[in-house]
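A.B. asks: Can you look at this prediction? I've put the sequence above it.
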Amino acid sequence: MAKKIGVSDLRSRKWFMNEDNMEMTALYLERYLNYGLTREELQSGKPIIAIAQTGSDLSPCNRHHLELTKRVRDGIISMGGTPIEVPVHPIQETGKRPTASLDRNLAYLSLVESLYGYPIDGVVLNIGCDKTTPALLMAAATVNIPAIALSVGPMLNGWWKGERAGSGTVIWKAREMLAAGEIDDEEFMEIAAASAPSVGYCNTMGTATTMNSLAEALGMQLPGSAAIPAPYRERGQISYETGKRIVEMVWEDLRPSDIMTREAFENAIVINSAIGGSTNAPIHLNGIARHLGVPLDNNDWQNIGHHVPLLVNLMPAGKYLGEDYQQAGGVPAVVGELIAGDLLPHPNAVTSNGQSMGENCKARRSSNTDVIMTTEAPLKEQAGFINLSGNLFDSAIMKTSVISEQFRQTYLSNPDDPNAFEGRAVVFDGPEDFHHRIDDPAENIDENCIMFMRGAGPKGYPGGAEVVNMRAPAYLIKKGVEALPCVGDGRQSGTSGSPSILNAAPEAAAGGGLALLKNGDRVRIDLNKCTADMLVPLDELAERARTLEENGYPHPESQTPWQQYFRELTGQFDKGMTLRDADTYRDISRKG
Ligand code: FES
Ligand code: MG
């Protein structure tokens, strides 16, 4: 370890050892002594290391962090640091109404205040469930004190009737079986329970596994840390190593802005394609980048990521789950395969262990090429996202690698125009409207329809709802139609395998083109040109825009003060859904 700073440079000295103001020092010290910390611990120059604690009874996905934190503390103490646990506003993806993503920015704001306003020299970020990872990385980016992430790890593989039951993914499947009358309510509950067999987060390549893998891809956690399942012994061991390493990082003065560079984000985009990562990733990475002042937008995702093949055979795009991912080598094996295929753009990017991504991973290979494939024989070519635009929106993301064969044959098989399709718009204003109308035969929905979900973006349904992956009407499913094309200004769960066009910005509630769309309009989508347009005459669109201007786009009342503030302050999905002006506060720990 090359020490770059000395004891007198520690931030915490301003609180606990301020020789110019012993009165304040006494005041700052006394309350930390009252539960048993000693003056020696607080004044002898031991770095104070925060553990940003996202685990709680309210957050089952991250709850195991309460246990792992014991090992993190051991690691910190063994290297001469003093651990201080810092509670983080709870976020639970499946339990929070109206949606967990509403709370990402709230957790971000509160953690910024905790890390900035208290005597903290470095921080371990306890990441896991979907939004906890970006919330903590965003806060670390803004405050910019030495920081390292620690995943809580995925759950063990789930099993139902002898087959892998993946969190989230099996629910989407079961809801179709329920709609088709193949299972009853009781079996639905059994399937759901089977997919959650242990502590940890979703074991599919949903948003959690994606964001934890990307925290490692960005260099923000120790190599190999992301994929270890929560109950494995290696999870406790890497927690200890993470605690040790953050103390060294403080002395090395290795900060988030040194690690999360433009090069690191480009690596992460490529790795996201290779793992088959969630469509929530661009929202969160664009948001983290903004807080660092690193330029990043949805064009980068298409330009840097679209051509990259899918290597990781995990649900929803593939067939395996988290334990298989770990046993095949996890993120280092994926990166090693990408390096072997000359597809990793920046092997020199520095990571939290002080080594480069290339040094960490170039000797690593998949130990099971059915789970993590090679770049010569990938699961799919071109696994990244495309970025569409047109008169419906300026930017929306589509994951083309999950387009099913049936979808391709139904919509993309016109020999003259194989990458484009047209359809009749069926427009839903929010998930409640969808549930009301979807099975009503009067809607006359058929294979020639494109379903639209609007009013589900950051302002419309505060935080943005994961509702764009709409199921087809039950009467079509019974006829064997698996899925209709879906477009919307909301999000979809990363555990869903639907090829929806989503995260549309600007959303309807922010005056985007989707607000002008009417039931029955013809819509044309061209996946080659990356366009999506309503085929409505210009004068008619101008007339609709005038009416919208007068009446505004309706959205439900805010139920809490935070919902109202969020709606007033949030940016759109393509800009990372960050709060207005928040990204002008950078590197604040070094400014005072
Ligand atoms: Fe928490 Fe999936 S619901 S990780
Ligand atoms: Mg989700």
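C.D. replies: Ah, there it is. What you see is a predicted model, and the numbers here were worked out from it, not measured in a lab. Ligands and ions are numbered 1, 2, ... in the order given.
A.B. asks: residue ranges of the strands in the stretch 1-150 of the chain, please?
C.D. replies: 48-53, 82-87, 122-127, 147-151 (DSSP state E, counting those that start in this stretch).
A.B. asks: got the CA coordinates for the shortest one in PDB?
C.D. replies: Coordinates of each C-alpha in strand 147-151 appear next as PDB, following Å, rounded to 0.1, in the frame of the first residue of the first chain:
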ATOM      1  CA  ALA A 147     -15.700   4.300  -1.000                       C
ATOM      2  CA  ILE A 148     -16.000   0.600  -1.700                       C
ATOM      3  CA  ALA A 149     -19.200  -1.400  -2.500                       C
ATOM      4  CA  LEU A 150     -20.100  -4.700  -1.000                       C
ATOM      5  CA  SER A 151     -22.900  -6.800  -2.500                       C
END
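A.B. asks: Please point out which parts of it sit buried.
C.D. replies: 147-151 (16 or more other C-beta atoms under 10 Å). The C-beta positions use only the backbone N, C-alpha and C, and glycine is treated the same way.
A.B. asks: Same question for stretch 98-110.
C.D. replies: Applying 16+ other C-beta under 10 Å to stretch 98-110 flags 98-110 as buried.
A.B. asks: Can you verify my assumption that I304 contacts V270?
C.D. replies: Yes. Counting by C-beta atoms under 8 Å, I304 sits close enough to V270 to count as a contact (6.4 Å).
A.B. asks: Those residues of the chain touching ligand 1, which are they?
C.D. replies: When proximity is defined as C-beta under 6 Å from any ligand atom, the chain approaches ligand 1 at 61, 93-94, 129-130, 167, 201-202, 206, 208.
A.B. asks: So which of these reach ligand 2?
C.D. replies: Near ligand 2, judged by C-beta under 5 Å from the ion, the entries from these are E93.
A.B. asks: Would you map out the domains in this structure?
C.D. replies: Structurally, the chain divides into domains by the TED database as follows: 1-45, 48-157+197-362, 385-551.
A.B. asks: Using JSON lines, lay out those domains together with mean pLDDT.
C.D. replies: Shown next, in JSON lines, are these (pLDDT from 0 to 100):
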{"stretch": "domain 1-45", "mean pLDDT": "94"}
{"stretch": "domain 48-157+197-362", "mean pLDDT": "98"}
{"stretch": "domain 385-551", "mean pLDDT": "93"}
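A.B. asks: right, so those domains: which one is the most enclosed?
C.D. replies: domain 48-157+197-362 (a mean of 24; mean count of other C-beta atoms under 10 Å).
A.B. asks: Relative to ligand 1, how far out is L178?
C.D. replies: 20 Å (C-beta to the nearest ligand atom, to the nearest Å).
A.B. asks: Contact partners for that residue?
C.D. replies: Contacts for L178 were tallied using C-beta atoms under 8 Å, 6 or more residues apart in numbering; they are 184-185, 188.
A.B. asks: Of all the strands of the stretch 1-150 of the chain, which one is nearest ligand 2?
C.D. replies: strand 122-127 (14.9 Å; C-beta to the ion).
A.B. asks: Neighbouring strands of the closest one in the sheet, and parallel or not?
C.D. replies: strand 48-53 (parallel), strand 147-151 (parallel) (DSSP bridges).
A.B. asks: Report the inter-axis angle for that strand versus strand 82-87.
C.D. replies: 40 degrees (axes from the mean of the first three to the mean of the last three C-alpha atoms, to 10 degrees).
A.B. asks: who are the neighbours in contact with P462?
C.D. replies: 98-99, 102, 558, 563, 566-567, 570.
A.B. asks: do you know how far the residue of the stretch 201-350 of the chain found nearest ligand 2 is from R491?
C.D. replies: The stretch 201-350 of the chain approaches ligand 2 most closely through T207 (5.1 Å), counting by C-beta to the ion. Between T207 and R491 the computed distance is 9 Å (C-beta to C-beta, to the nearest Å).
A.B. asks: likewise G117?
C.D. replies: 32 Å.
A.B. asks: coming back round to it: rebuild the buried residues of strand 147-151 as CSV, extending it with distance to ligand 2.
C.D. replies: Below are the buried residues of strand 147-151 laid out as CSV (distance: C-beta to the ion, whole Å):
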residue, distance to ligand 2
A147, 24
I148, 25
A149, 19
L150, 21
S151, 17
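A.B. asks: Can you verify my assumption that Q43 contacts M17?
C.D. replies: Yes. Contact criterion C-beta under 8 Å: Q43 and M17 qualify, at 5.3 Å.
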